[in-house]
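**Student:** Need a 3D model of the following:
(chains A, B and C)
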Amino acid sequence: MKVDLTVNGKDISADVEDRMLLVHFLRDVADLTATNVGCDTTSCGACTVLLDGESVKSCTVLAAQASGHEITTVEGLATNGEMHPVQRAFHQEHGLQCGFCTPGMVMAIVSLLKENPDPSEQQVRQGLEGNLCRCTGYHNIVRAALAAADEGKVSA
Amino acid sequence: MSILGTRVIRTEDPRLLTAGAVYVDDLRVPELDGAARVTFVRSPVAHARITGIDASAALSEPGVVAVLTVQDMTDLAPPPPDSGEPVGGEGPAPLGGPWSEPLLAADTVRFVGEPVAVVITDGRYQGEDAADLVTVDYDPLPAVVGPEAALTSESLLFPAAGSNIPLTSPVSADDAPFDACEVVVEQAIVNQRLACMPLEGRATAATFENGKLTVWHSSQNAQLCRLILCGALGMAPDQIRVIVPDVGGGFGAKVGIDRDGLVVAWAARKTGRALRWNETRSENLVGMTQGRAQLHHIKIGGNRDGKILAYRIDVIQDSGAYSRMGGFLPMLTCLMAPGVYDIPAVQAGYRVVVTNATPISAYRGAGRPEAAATIERAVDLFAAEIGMDPAEVRRRNFVAPDKFPFQTKTGALYDSGQYEEALDKVLAGAGYQELRKEQERRRASGDVRQLGIGISSYVEITAADGAAGETAKLEVADDGTATVYTGSSPHGQGHHTAWAMLVQEELGIPMDKVTVVHGDTDLIPVGVGTYASRSLQLGGSAVHKAAVEVKDEARRQAADILEAAEADVVLDTISGLWQVRGDPEASLTWAQVAGHTSGGLVADVSFAADLPTFPFGAHVSVVEVDTETGKVTLLRHVTVDDAGPVLNPVLAEGQRHGGIAQGAAQALLEEVLYDADGNPLTSTLADYAAITAAELPSYELLASETPTTVNPLGVKGIGEAGTIGSTPAIQNAVIDAVAHLGIRHIDMPTTPQRVWTAINEAQKAGNQ
Amino acid sequence: MIPTPFTYKRAGSAAEALELVAEYGDDAKFLAGGHSLLPLMKLRLAAPEVIIDLSGLRDLSYVTDQGTYVAVGALTRHHDVEHSDVLARDVPLLAHAAGQVGDPQIRHRGTIGGSIAHADPASDLPAVLLALDATLVAQGSGGTREIPIGEFFQGLFETSLEPDELLTEIRVPKPASAGAWSFQKFSQRAIDWAIVGCAVQGGNVALVNMGGTPLRAAGVEAALADGAAPSDAAAHAAEGTSAADDIRATRAYREHLARVLVSRALTEASSRA
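**Tutor:** The predicted model follows:
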């Protein structure tokens, strides 16, 4: 079937299998490989992207369902070569090690901060319940989220 | 000012944060254009004879290139004849002889998830469809589930071997040391089976062109992959190139290349097609090696003054269906059995058993967390028995600071340690006395939510194979940039940042002019890899050594250009300029010095350590237990982890954080489970309770740096310390929270059900 | 892992969805947010031949004040239920419980109707709506009908919806004392399904994951009606339940948890009222 998606501001049309998952559309059709697949059960959050500005797990959305919608992946987050505050905070706070969970974590936090610009540590932790990381023990990911929120407060 | 010891954020990150890393499945290199997909057909049963494989339905599906089974492996040499003896033993090598593991199952499957066949298809989705259509007939055999069942040998995994116990190192049965004790406590302690679960599962791509096999593999060490590939496929090293791109976590399970990856490489050679494979999580949770899986029977004895006099540990190592590491893991457990304590009599021994489960291999700590978990539990059991504060019992038994280097009863030579200082520091940091008062208050008031305070003091062994060393080649080009070729292969640890810091420190070439290359056997034919917390002390020391050699050569060259005596030529590591002492006008850049040479400035070195190092530390964990439901909440975790001088606190803290979380996961949540027939019950992430941010607090890290003398940087390993220290501290805290109810031990993971059961049984016992 | 092949159809309206299901019959499945069905399809535990995507039915996403009750469109996402001002004021139990479903990403996709129609006894919202005495509106080829929620859950993953019926609206009566609520979800990890859960609204008590369907704790409610104190009433929590044994909990432990959670929920609800 034919699907039309806007990915990182770019319109992409393709003829795909009806069953194609959004994450495979992003990786194999749009050739955007930052978004990773970490599980089969909507558990790990590695595949998190924004659909119309809200975080979703792209392994549990059909490309067909996303047709007509806007998708943002971590590749589309920086503007004019300038990292998004959440990306910058991950760098400053050492919020990543192997990097596999990172694109999904970053997108989950972008969405979280949009809905709650001034979260408590506990709200960040609860908000990341659907994103697994095996390297960082989450400590610096949580700090990065809080630092990005602080930066948002300063610039607001 | 030295850059070492300062907080330098990672150079790796901007790429990972904006474009994403390039893992095997992300590779878009021309050699893999049009690569076919490999999908494994895996055994759905734990133990069975294969009576037939019918691939005809799959072969008629669109896009199916081939279905390959063991019958197609005619190009591989048959396994060496059975010598009748287990091959391997205390080295981390697979057992051979009757215990051998095939690449694809021949006539028998021995665990759910064992590879039986591979389906090769043009597309990703076709593979899964076609694999479903391969029919394999199984004639079930009785499954051996759990280590105790294996000991009975009622059903044998390898009938030709005659038992399920490939290796034994018997523990002493001498009771005399215990007979002399006022108090003796015995306990069975489970160190449960865990999934290593790097977020990126296993992944391999391979091409075979013009007699050369190129293998891209998600691994902790490219060179070991090549060595294993050479052996398995009967090829010479120069016929194989292994490339390790970005790796999404390893934790021990990606050391080398396992049978699944070997099959992909073999299939590429067999079919001549470029192939790609990356496993699903459901495959990963049955197919990737798992960790721990030990059962301990312990006995600890001492006097009421708190002095421990005797300790015995009998380890049963469940190796899963195939003993891929021989006796290596329980050997390390026994080596580290007495931990930080100076115990006059220590008895340690093990049995390795095979069971119808996923094979066991290294997982963060590999044999040492098991040792630490059990001695730290044993000390708490002893403290409870004599009614003494567990911190005080530890103090009375530590190896004293003046006894280093300290030879343990189990054969380890501890290099340096300050065990009491570490404990005192962590207790002060945690506010131990205040916590005990709060605990007393809650106990007195009968609060539903009881407070538990757990302590662990630990020592571990890192770079146990330090004699194998590590390589580094350093080149300074005539544009003044430096390139490091390292045999150590990072997968999240931050080698690029750390190695560049070492070069800047020694040579004054700024970090942003230093490139680090790793993981390609054509560029770096000799290397050992990243595991066993060995990278900085061996790989980093090699980089340091190479930098010193380059500097010496550069001094000679600079002296030649400047027409000065070598002794008068100095490097200003702030400006990166070579100067003549007392003549600030005469100076040379690295570019000028390198340009003066014919072959460039190069040092190609390896560094080996004569001895391993023994990091140590102490953790305090604070938990709350809901005594009505059994649910545990981890409130605080405070640690001292001393691995010598810290190169970059950012990286070292990151290693400690991750380690703490993995230890917490074992203590609280995670466990691989099988039913009575050997079917895995935790084969998806919906069932395997991987720990999340919502179950963890922020950690409180305290600094301590006791150097070693076995390497020029004075450093020890930090990669596994967090896990080794945190696991027992958290388990001890849970038990401490309910100790006043009469509970002495709860096995890990301390799930709500398990804690509630312990409380319930203690209450019943109390009512009788 | 990926689903077996199927044909995807996107419905633009409820009428069109019903036409499609009439055309494809038992081979077809409705897809709302997809967060119950797609995971099963990826594990190949479900393999429908036709998927009828309901996401085009935007007019079925709403929360409106209807005087005596609040009407919630079946395709309203958990996220929107959680953040509804109307529900926060009139039915805070439902708004709160919707915020406990899955994780933020799941709440951005999953819908209240999808969750109810999937009828998983371990889900949060079926029990919550049971405690709230909700009425469900279903549209079929023959028109619409109202189904009291007490008659809706027929068994594990089974409801009284006909195959050619579409759940369109959930009507939640405004409780007399909106504040007298509690939702207790007990799980090992935040992300997990409830091992046991309990929803209380006034004197209504419903249980999550204590049998093949969500259940009203009739014994507890009867004791409360007779004037029993919360802790005494809670002793009846496991009566009439048939909880499963699984890797997270034995049946006996679930029964114990039900008593603890019901007691806590009743105490909290009465303290809030």
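
**Student:** Quick check: can you list the domain ranges of chain B?
**Tutor:** With domains defined by automatic domain parsing, chain B comprises B:1-33+B:202-278, B:142-196+B:290-399, B:413-459+B:613-768, B:466-607.

**Student:** ranges for the strands of the chain?
**Tutor:** No chain in the question, so chain A it is. A:2-7, A:10-15, A:48-51, A:54-57, A:70-72 (DSSP state E).

**Student:** that answer is for a different chain, and I need it for chain C
**Tutor:** Going by DSSP E, chain C shows strands at C:7-10, C:28-31, C:50-53, C:63-65, C:69-73, C:135-140, C:143-148, C:153-155, C:158-159, C:166-173, C:181-186, C:196-201, C:204-208, C:215-216.

**Student:** need those strands in CSV with distance to chain B and mean pLDDT, can you?
**Tutor:** Bear in mind the C-beta positions are built from the backbone N, C-alpha and C, glycine included. Formatted as CSV, the strands of chain C follow (distance: least, CB to the nearest CB, whole Å; pLDDT from 0 to 100):
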stretch, distance to chain B, mean pLDDT
strand C:7-10, 14, 96
strand C:28-31, 19, 95
strand C:50-53, 16, 97
strand C:63-65, 27, 98
strand C:69-73, 27, 98
strand C:135-140, 28, 97
strand C:143-148, 30, 97
strand C:153-155, 22, 96
strand C:158-159, 22, 96
strand C:166-173, 25, 98
strand C:181-186, 6, 98
strand C:196-201, 9, 98
strand C:204-208, 15, 98
strand C:215-216, 20, 98
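
**Student:** State the number of residues packed around C:A88.
**Tutor:** Neighbourhood size, C:A88 [other CB atoms under 10 Å in any protein chain shown]: 14.

**Student:** Show me where the stretch 401-550 of chain B dips below the pLDDT cut-off.
**Tutor:** For the stretch 401-550 of chain B, not a single residue meets the criterion pLDDT under 70.

**Student:** Return the residues of the stretch 1-150 of chain B in contact with chain A.
**Tutor:** Taking CB under 8 Å from any CB of the partner chain as the measure of proximity, the stretch 1-150 of chain B contacts chain A at B:9-10, B:12-14, B:16-23, B:25-26, B:28, B:124-125.

**Student:** distance of B:T597 from chain A?
**Tutor:** 37 Å (CB to the nearest CB, to the nearest Å).

**Student:** right, and the domains of chain B - which one's nearest B:L59?
**Tutor:** Within these, the stretch nearest B:L59 is domain B:1-33+B:202-278; the backing value is 13.6 Å (CB to CB).

**Student:** Pull up the distance across that closest one, start to finish.
**Tutor:** Terminal residues of domain B:1-33+B:202-278 lie 46 Å apart, using CA to CA, to the nearest Å.

**Student:** What's the mean pLDDT across it?
**Tutor:** Averaged over domain B:1-33+B:202-278, pLDDT sits at 97.

**Student:** Same question for stretch B:685-697.
**Tutor:** 97.

**Student:** And for stretch B:160-179?
**Tutor:** Here stretch B:160-179 scores 95 as its mean pLDDT.

**Student:** Distance from the chain centre to the lengthiest helix in chain B, please.
**Tutor:** Longest helix of chain B, by residue count under DSSP state H: helix B:541-562. Mean C-alpha position of helix B:541-562 versus that of the full chain (CA atoms, centre = their mean, to the nearest Å) differs by 36 Å.

**Student:** what's the answer for stretch B:681-698, then?
**Tutor:** 19 Å.

**Student:** For that stretch, measure first residue to last.
**Tutor:** Stretch B:681-698 stretches 31 Å from its first residue to its last (CA to CA).

**Student:** my guess is B:D604 contacts B:T486, does it?
**Tutor:** No. Taking CB atoms under 8 Å as the definition, B:D604 is not a contact partner of B:T486, at 11.7 Å.

**Student:** For the two, list the residues in contact with both.
**Tutor:** B:T471, B:A472 (CB atoms under 8 Å, 6 or more residues apart in numbering or on different chains).

**Student:** Give me the more crowded residue out of those two.
**Tutor:** Between B:D604 and B:T486, counted using other CB under 10 Å, B:T486 has the larger neighbour count: 28 against 13.

**Student:** quick one: that one and A:L146, what's the gap?
**Tutor:** As judged by CB to CB, to the nearest Å, B:T486 and A:L146 stand 34 Å apart.

**Student:** again, but for B:I759
**Tutor:** Between B:I759 and A:L146 the distance, using CB to CB, works out to 36 Å.

**Student:** returning to what we had before: would you mind telling me which of the domains of chain B is nearest chain C?
**Tutor:** With CB to the nearest CB as the criterion, chain C lies closest to domain B:413-459+B:613-768 of these, at 3.7 Å.

**Student:** what about the closest one and chain C, any contact?
**Tutor:** Yes. Residues of domain B:413-459+B:613-768 contacting chain C under CB under 8 Å from any CB: B:628-629, B:631, B:669, B:673, B:681-682, B:684, B:686-687, B:689, B:691-692, B:694-695, B:751-753, B:756-757, B:760.

**Student:** show me which of those residues neighbour chain A.
**Tutor:** Near chain A, by the rule CB under 8 Å from any CB, you find B:T684, B:A686, B:T692, B:A694 out of the residues of domain B:413-459+B:613-768 next to chain C.

**Student:** buried subset of the residues you listed?
**Tutor:** Buried by 16 or more other CB atoms under 10 Å in any protein chain shown: B:T684, B:A686, B:T692, B:A694, out of those.

**Student:** Mind putting these into a markdown table with secondary structure?
**Tutor:** Shown next, in a markdown table, are these (DSSP: H, G, I helix; E, B strand; the rest coil):
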| residue | secondary structure |
| --- | --- |
| B:T684 | coil |
| B:A686 | coil |
| B:T692 | coil |
| B:A694 | helix |
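
**Student:** So which of these is the closest to C:D53?
**Tutor:** Taking these together and measuring to C:D53 by CB to CB, the closest member is B:A686, at 23.8 Å.

**Student:** residues contacting that closest one?
**Tutor:** A:T41, A:T42, A:S43, C:P39.

**Student:** Doesn't B:I189 lie inside a strand?
**Tutor:** Yes. Residue state for B:I189 (three-state DSSP) corresponds to a strand.

**Student:** count of residues packed around it?
**Tutor:** 20.

**Student:** In three-state terms, label the closest residue to it other than its chain neighbours for me.
**Tutor:** Nearest non-adjacent residue to B:I189, counting by CB to CB, 6 or more residues apart in numbering or on different chains: B:H296, 4.5 Å away. Secondary structure, three-state DSSP: B:H296 is strand.

**Student:** residues from the stretch 251-400 of chain B in reach of chain A?
**Tutor:** B:F251, B:T280, B:R281, B:S282.

**Student:** now, which of the residues you listed lie close to chain C?
**Tutor:** B:T280, B:S282.

**Student:** What distance do you get for the residue in the stretch 151-300 of chain B that chain C sits nearest to to A:C59?
**Tutor:** Chain C sits closest to B:T280 of the stretch 151-300 of chain B, with a gap of 5.1 Å, by CB to the nearest CB. Using CB to CB, B:T280 is found at 11 Å from A:C59.

**Student:** for C:V91, same thing?
**Tutor:** C:V91 is 33 Å from A:C59, by CB to CB.

**Student:** B:D626 too?
**Tutor:** Taking CB to CB, one finds B:D626 at 34 Å from A:C59.

**Student:** Looking at these two, which has the bigger crowd around it?
**Tutor:** Between B:D626 and A:C59, counting by other CB under 10 Å, A:C59 is the more crowded of the two (28 against 19).

**Student:** Now do the contacts for the residue in the stretch 51-200 of chain B that chain A sits nearest to.
**Tutor:** Nearest residue of the stretch 51-200 of chain B to chain A, counting by CB to the nearest CB: B:L199, 4.0 Å away. Taking CB under 8 Å, 6+ apart, we find B:L199 in contact with A:36, A:38, A:44, A:46, A:98, A:100-101, A:132-135, B:248-249.
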